[in-house]
Every structure is written in C-alpha cells, then in structure tokens.
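In: Below: sequence and its predicted model.
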Amino acid sequence: MVQLEGEKMSKSKGNVVSPQAIVEEYGADTARLFIMQAAQPERDFDWTEEGVRSAYAFLTRLKVTVETFAAGDVGADPRRADGDAAAGTAAYVDGEIDAAVAVATEEYDDLTFNTALREARDLVGTLRAYREYTAVDPAVFERGLAVALKLLAPVAPHVCEELWETLGREGFLVEADWPDVTADRETAERRRLLVENTREDVREISDVAGIDDPERVDVVVTPDWKHEALRVALESDADNLVGELMSREDVQRHGEAAADYAKDLQAEREALRETLPPAAEHETLRAAAWLLEREFDAEVRVLRAEEAPDDVAAGAEPGRPAIDIQE
C-alpha cells in the first residue's frame, strides 16, 4: 500500500499522486525505481518527492558515469595507478562486482526487489568511488558497469538499454545473459562486514581521540592462534570453555593473553560467529585499504600481528583488527 504522510492514498482524501505526472517529469524508469526500491512488496511505504528525486539523481549519475567511461576517461588521479596496490584495489572492486551479482540474483529470485536494487546502487557507488580515487583498470570498470546495468534493467529498462549501447555492447541488453553467480554470498558478506566494521572503528577512534588529520593508520590483523581459539569455541559444547581452550597447547602457550581471550569467548559465547580465515582476512583488508586512504587521506598499512607492536596486536580479534592511528 502506498501512503502519503502516513495515510493511505485515496481519491476521497484528495491525497493521490498521479503516476503519470511523475513519468512526465522524471520518466517511467525513475518512477519504477523509486517504487521498487522503497520497500518489500508486502510492506506499506510512504510516497515522497524526495525519494523520487533521489532515484532520478541516481540514474543521472549512472548515465554520466557510463558516458564518461565510454568517452575514454578512466580517472584523472594517478595515485596507486601502478604496482601491487593498484592490483589490490582492482581486486577489491572485482570482488564487489561478484558479491553484488550473488546477492542481487538471490534477492530477485525471492522477489525482494528493494534489496536487489540496493546492491545495484551500491555497486555503482563503489565504481564511482574507485574512479574518483585513481585511474581504474578498464576491464574491471567496464565489467562493473555492465553488471550494474544488467541488475538494474528489470526495473529501469529504458535507460539501461540506452547505456548498454553507449558502453559499446553488442545486441540488446534485454537479450543478454544474466551475470554468472561466481561468489559465495556468505563469504562475501563476511568480507563486507569486516571492511565496514574496520572503517567504523577507525572513524570512532579518530572522533574519540580528536584526530582530524591522521598521518598514518595501521590496521593489525589478529594472530592465528585467536582464530583457532574461536574455531574451537564455535565447535565446542563443553560447559567450561575456558578450561577446554587452556588445555590446548597452541592456545595455552600464549599465557595471560590466551586466558583473557578465553574468558571473553566464554562470556560472549552465544554471540560468536564465524569469520574469515586469517589469510583471507589479511587479503581482504589489504585490498580494501584504499577505502580508508580515500576517506582519511592518510597512509594505511595492513599488518600481521607479528609485524606490529605487541601492545597494539594484543587488541586484535578475528573479524575485528586492532587500529593504531598516528597523527
């Protein structure tokens, strides 16, 4: 049910918004995009002019992004355009493309259109941030745009069909194959949660410490033994989890730090969740370092626990790296 200012639209109340008026001013794609992303089909939602304008602004940004890339502009800023860092940034974006396909495909199948469309919008946002940060990998960027158009096409077919041609693709978009699902959604969401939690932790520490212009941000990944301790905790049904963990030599040899972490795991047992393996956690954070560099305009180092000072590394946990900010 579509509502206006909390009330059901009806002619008797005189609060009906004509879809034709929206189509004439913004286009049919904007009207559909706003409606389909506003809520799940079984839920009521409020019609807002601001929401319509937001949908129109997004499609406009998408159009500009595709046209700019098609004209040969791959990003004006040469930072991190070469070397391993550039490859890591491209790999992060490539992974987000695959993740968007995995999530959006499942959500479309479940008729949860608003979540599927959020994936498409977020992907376009990631591509624009990538291009604003550095000169992009053309193959990765073009694939991202093509995937975004495919994900949006069921709801905004007119503009997506036009931009498909602008991108130089053969044939009609409506006849193109749906993107292959190559990513595991659960793993992709763990990666996203790790990155977002890390970014939020950096913001919070900066705010609390009053650091407006950091010079360097060190992100320290937790040592392997804590990952092993977490795995044991997740699999164990022992009442005394601390005792079970401290009976293991690979945990026990870390002394007081191990005992403290075992107590934390015991206390938070009901809330424990699986995280990425140590190598994947390190790789994910390295690939996502450009997001922190872009946001804080600071050097970002992703370190293993043995590469960082002991007092910093001690604060790292699986899925929650330690943060050290230098002014």
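Out: Ah, there it is. Just so it is clear, the structure is predicted and the values come from calculations on it, not from any experiment.

In: So which elements touch the longest helix belonging to the chain?
Out: Ordering each helix of the chain by length in residues (DSSP state H) puts helix 83-109 first. Using 3 or more Cβ pairs under 8 Å, 6 or more residues apart in numbering; DSSP states H and E, the elements in contact with helix 83-109 are helix 113-133, helix 138-152, helix 185-209, helix 278-296. Any C-beta I mention is one placed from the backbone N, CA and C, and that applies to glycine too.

In: Can you add mean neighbour count and distance to Val2 and give those back as TSV?
Out: Listed next are the helices and strands packed on helix 83-109 as TSV, based on neighbours: other Cβ atoms under 10 Å; distance: least, Cβ to Cβ, whole Å:
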stretch	mean neighbour count	distance to Val2
helix 113-133	20	14
helix 138-152	21	22
helix 185-209	16	31
helix 278-296	20	36
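
In: To Gly243, which of these lies closest?
Out: helix 278-296 (24.8 Å; Cβ to Cβ).

In: mean confidence for the longest helix of the chain?
Out: Per-residue pLDDT values across helix 83-109 average out to 91.

In: how far out from the middle of the chain is it?
Out: 9 Å (Cα atoms, centre = their mean, to the nearest Å).

In: Identify each buried residue in that helix, please.
Out: Judged by neighbour count (16 or more other Cβ atoms under 10 Å), helix 83-109 contains these buried residues: 85-86, 88-105, 107-108.

In: repeat for stretch 40-48
Out: Phe45, Trp47.

In: and the end-to-end length of it?
Out: Stretch 40-48 stretches 16 Å from its first residue to its last (Cα to Cα, to the nearest Å).

In: how about the residue nearest to Ala129 when sequence neighbours are not counted, what does it touch?
Out: Here the nearest residue to Ala129 in space, its sequence neighbours aside, is Arg294; by Cβ to Cβ, 6 or more residues apart in numbering that works out to 6.7 Å. With contact set as Cβ atoms under 8 Å, 6 or more residues apart in numbering, Arg294 has these partners: Ala129, Glu132, Tyr133.

In: which ones are touching Ile22?
Out: Listed by Cβ under 8 Å, 6+ apart, the contact set of Ile22 reads Thr30, Ala31, Val52.

In: cool, and Asp122?
Out: Applying Cβ under 8 Å, 6+ apart to Asp122 gives the contacts Ala100.

In: repeat for Val232
Out: Glu244, Leu245, Arg248, Val251.

In: Adding neighbour count and pLDDT, write those residues out as JSON lines.
Out: Formatted as JSON lines, the contacts of Val232 follow (neighbours: other Cβ atoms under 10 Å; pLDDT from 0 to 100):
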{"residue": "Glu244", "neighbour count": "17", "pLDDT": "92"}
{"residue": "Leu245", "neighbour count": "25", "pLDDT": "93"}
{"residue": "Arg248", "neighbour count": "15", "pLDDT": "91"}
{"residue": "Val251", "neighbour count": "21", "pLDDT": "89"}
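
In: Tell me which entries of these lie within helices.
Out: In helices, defined here by DSSP H, the members of the contacts of Val232 are Glu244, Leu245, Val251.

In: who touches the spatially most central residue of the chain in this structure?
Out: Closest residue to the average C-alpha location of the chain: Arg192 at 4.9 Å, with Cα atoms, centre = their mean. Contact analysis of Arg192 by Cβ under 8 Å, 6+ apart lists Ala99.

In: can you check the one 3 residues further on too?
Out: Val195 makes contacts with Thr284, Leu285, Ala288, Leu291, as judged by Cβ under 8 Å, 6+ apart.
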